[in-house]
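Peer 1: Sequence and predicted structure below; questions after.
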Amino acid sequence: MDIEIVEKVLKGDIEAFSELIDKYEKMIYNLAYRIFNNTSDAEDITQEVFIKVYKNIYKCEGKQSIKTWIYTIAYNTCIDEVRKRKGKNNISLDMDLEGEEDNFSLEIASNEPTPENVLIQKEGLLEIEQAINSLNEINKSLIFLRDIKGFSYNEISEIMGLNIGTVKSRLNRARNALKNILKI
């Protein structure tokens with residue numbers, strides 16, 4: 001079915017591209033949200049990924065599954081953004097600001113879970129999610145791809161550009177790091 005959609009997109013069918021977006025948007029958003037833990041960043045990354053998919057869709061023919069190809073683009077886009085942000089100076093937004101006439105405080109929304117999320121998620125799942133979010137990007141990605149999304153070692157290897165042995169060993173280390181955080 002995806003191959004037929006790609007063929008339609010290659011022929012200029014915008015409706016077909018909308019089908020790809022509908023099918024994979026949530027998957028990409030979830031990956032970006034897991035890495036950045038921020039809805040705005042996740043939305044921006046999702047949009048950027050689909051721009052890249054549209055510009056490069058001719059490259060996906062026959063190489064791998066379309067799902068894996070799109071996920072590879074999403075993963076690489078996230079990692080590129082993480083690299084861009086490293087080393088940049090961060091300033092605190094929780095400070096008083098001075099205007100020409102008045103002083104005012106800038107209020108920043110909390111990253112704490114909303115009451116609805118607390119009610120929806122069980123305590124144990126929330127603790128696991130927080131532990132996963134505390135891992136570095138590579139370990140977080142490995143856990144997410146394999147244990148949450150169920151990608152095969154081969155698919156993870158393609159997505160992350162690593163050989164299968166490296167995927168397995170790094171996944172093992174990621175799981176051990178997660179166990180240490182959770183004190184299991």
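Peer 2: In hand now; what should we look at? Remember, predicted model here, so these are calculated numbers, not experimental data. Residues are numbered from 1 along each chain as shown.

Peer 1: Dump the host helix or strand of residue 18 to CSV, restricted to CA.
Peer 2: Per DSSP states H and E: residue 18 is located in helix 14-36. Output of helix 14-36 as CSV, limited to C-alpha atoms (Å, rounded to 0.1, in the frame of the first residue of the first chain):
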residue,chain,number,x,y,z
ILE,A,14,-0.8,15.8,-3.2
GLU,A,15,-3.7,13.8,-1.8
ALA,A,16,-1.4,10.7,-1.7
PHE,A,17,1.2,12.7,0.3
SER,A,18,-1.5,13.7,2.7
GLU,A,19,-2.1,9.9,3.2
LEU,A,20,1.5,9.4,4.2
ILE,A,21,1.3,12.3,6.6
ASP,A,22,-1.8,10.9,8.2
LYS,A,23,-0.2,7.5,8.5
TYR,A,24,3.2,8.5,10.0
GLU,A,25,2.7,11.9,11.6
LYS,A,26,1.9,10.5,15.1
MET,A,27,4.9,8.2,14.9
ILE,A,28,7.3,11.0,14.1
TYR,A,29,5.7,13.4,16.6
ASN,A,30,6.1,10.8,19.4
LEU,A,31,9.8,10.2,18.5
ALA,A,32,10.5,14.0,18.5
TYR,A,33,8.5,14.4,21.8
ARG,A,34,10.5,11.6,23.4
ILE,A,35,13.8,13.3,22.5
PHE,A,36,12.9,17.0,23.2
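
Peer 1: helices or strands next to that helix in the packing?
Peer 2: Applying 3 or more CB pairs under 8 Å, 6 or more residues apart in numbering; DSSP states H and E, one finds that helix 14-36 contacts helix 2-10, helix 39-56, helix 66-85, helix 137-143. All C-beta atoms are positioned from the backbone trio N, CA, C, and that covers glycine.

Peer 1: so how far is the third one off the chain centroid?
Peer 2: This means helix 66-85. 8 Å (CA atoms, centre = their mean, to the nearest Å).

Peer 1: Show residues contacting it.
Peer 2: Outside helix 66-85, the residues that touch it by CB atoms under 8 Å, 6 or more residues apart in numbering are 2-3, 5-6, 20, 24, 27-28, 31-32, 35-36, 41, 45-46, 48-49, 52-53, 56, 60, 63-64, 137, 141, 145, 151, 155, 158-161.

Peer 1: Are any of these buried, and if so which?
Peer 2: 2, 5-6, 20, 24, 28, 31-32, 35-36, 41, 45-46, 48-49, 53, 60, 141, 145, 151, 155, 158-160 (16 or more other CB atoms under 10 Å).
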